[in-house]
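*Asks:* Build me a model:
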Amino acid sequence: MSSNVAVLDCGSNSTRLLIASSEGATLAREMRITRLSQGVDATGHLTPEALERSYVVLALYRQLMDVHHVGHGLLVATSAVRDAANGDEFLARAAQITRVEARVLSGDEEAAFSYAGATRRLAPDVRPTLIIDIGGGSTELAVRVDGVVRGYSMQLGCVRITERALGSGVVTAAAEAATREMIAAELDRAFETMPLFSTLVGAVRLVGLAGTVATLAQLDAGLRVYDRDAVHHRRLSLGDVVAWRTRLGALQPAQRLELAGMVPGREDVLVAGLYVLEAVMERFGADELLSSEDDILDGVAASLL
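*Replies:* Numbers count the residues shown, from 1 in each chain. Presented below is the predicted three-dimensional model:
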């Protein structure tokens, strides 16, 4: 049996795959926008259309896993499946297609795996490292204090906010106000639940991962073709985040898609993610963000090797 492993991440907005060798070398890394969470916030169910999009991509990934002689793997699902009444149906079919175990991660597990992946190749820093993983349905915050990773999952994601408050077109004053109110309420809840966060204000190294931050880094670098080296560990200031959020918010999704670096499938939800990123940076007093292309996939893979 081959020792190559595969991790599949069925997120709210994208379905991703990492195939790694027994030494931890990346053999394949794929991402497709599937928008699994479409409509979940309103209906409580994964839609037939979203399920079918995901199943098609999972079948493609299984073919790639066969090419790389994957011995074992794990499929993890997050916010969209946690929140859906028919999540078990999805997991059963996903396991059948991919022929690996499929399970839902708790918010704490998601934060811990994201932290492990994002920090595994970071240079040492005297400050605690806080990671922010902005997904489609939720946003995970995690930090290691006294050797223990402490995480919190907020019910804030770029798809959830877009559907509930912001909308996908040019941002209006009313939509912005509703979005900021929604985010502020969740951040208040996070700080109340995790008093530790208040002790970190102005004193953390903030590392951002997943689609919102990755796309922001590509836009900031002006990349028409993805270049991992150009975006991995790219430094972005709070001013950069505000500038891009303002610029994109004044455009229709089709216009955003014309910009170098915009990832197709994120043009309608990226602005919502940037509102979350801006608010978190302000709340923690972080003037700078470090983008990481290492993320939850890498954290789960490390646990399998």
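*Asks:* any idea how far residue 247 lies from residue 227?
*Replies:* Going from residue 247 to residue 227 by C-beta to C-beta, to the nearest Å gives 22 Å. Using the backbone N, CA and C atoms, a C-beta is placed for each residue, glycine as well.
*Asks:* Over to residue 153?
*Replies:* As defined by C-beta to C-beta, residue 153 lies at a distance of 31 Å from residue 227.
*Asks:* again with residue 281
*Replies:* In terms of C-beta to C-beta, residue 281 sits 25 Å off from residue 227.
*Asks:* Tell me which of the two has more neighbours.
*Replies:* Neighbour totals were compared for residue 281 and residue 227, and residue 281 leads with 21 against 11 (other C-beta atoms under 10 Å).
*Asks:* now the strands for the chain?
*Replies:* Taking DSSP state E, the strands of the chain run over residues 5-10, 14-20, 26-33, 72-77, 101-104, 129-134, 139-145, 148-154, 205-209, 235-237, 288-292.
*Asks:* Next, format these as TSV and append mean neighbour count, distance to residue 177 and mean pLDDT.
*Replies:* Output for these, formatted as TSV (neighbours: other C-beta atoms under 10 Å; distance: least, C-beta to C-beta, whole Å; pLDDT from 0 to 100):
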stretch	mean neighbour count	distance to residue 177	mean pLDDT
strand 5-10	26	33	96
strand 14-20	24	29	95
strand 26-33	16	28	93
strand 72-77	22	33	94
strand 101-104	17	34	94
strand 129-134	26	20	94
strand 139-145	23	20	91
strand 148-154	19	19	90
strand 205-209	25	25	95
strand 235-237	16	25	96
strand 288-292	22	25	95
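*Asks:* Residue 166: which of these is closest?
*Replies:* Of all the strands of the chain, it is strand 129-134 that lies closest to residue 166, at 13.6 Å by C-beta to C-beta.
*Asks:* Excluding chain neighbours, what is closest to residue 272?
*Replies:* residue 161 (3.9 Å; C-beta to C-beta, 6 or more residues apart in numbering).
*Asks:* so what's the one you found up against?
*Replies:* 179, 182, 183, 272, 273, 275, 276 (C-beta atoms under 8 Å, 6 or more residues apart in numbering).
*Asks:* Could you single out the nearest of those to residue 204?
*Replies:* Nearest to residue 204 among these: residue 276, at 16.5 Å, using C-beta to C-beta.
*Asks:* I'd like to know how many residues surround that closest one.
*Replies:* Residues lying near residue 276 (other C-beta under 10 Å) number 25.
*Asks:* wait, what's in contact with it?
*Replies:* Residue 276 sits next to 134, 139, 156, 157, 158, 161, 183, 212 when contact means C-beta under 8 Å, 6+ apart.
*Asks:* Which stretches in the stretch 101-250 of the chain count as helices?
*Replies:* In the stretch 101-250 of the chain, the segments counted as helices under DSSP state H, counting those that start in this stretch are 107-119, 158-161, 173-193, 196-199, 211-221, 228-231, 238-249.
*Asks:* Among those, which comes closest to residue 74?
*Replies:* Comparing the helices of the stretch 101-250 of the chain by C-beta to C-beta, helix 107-119 comes nearest, at 10.3 Å.
*Asks:* Quick check: mean pLDDT of the closest one?
*Replies:* For helix 107-119, the mean per-residue pLDDT is 87.
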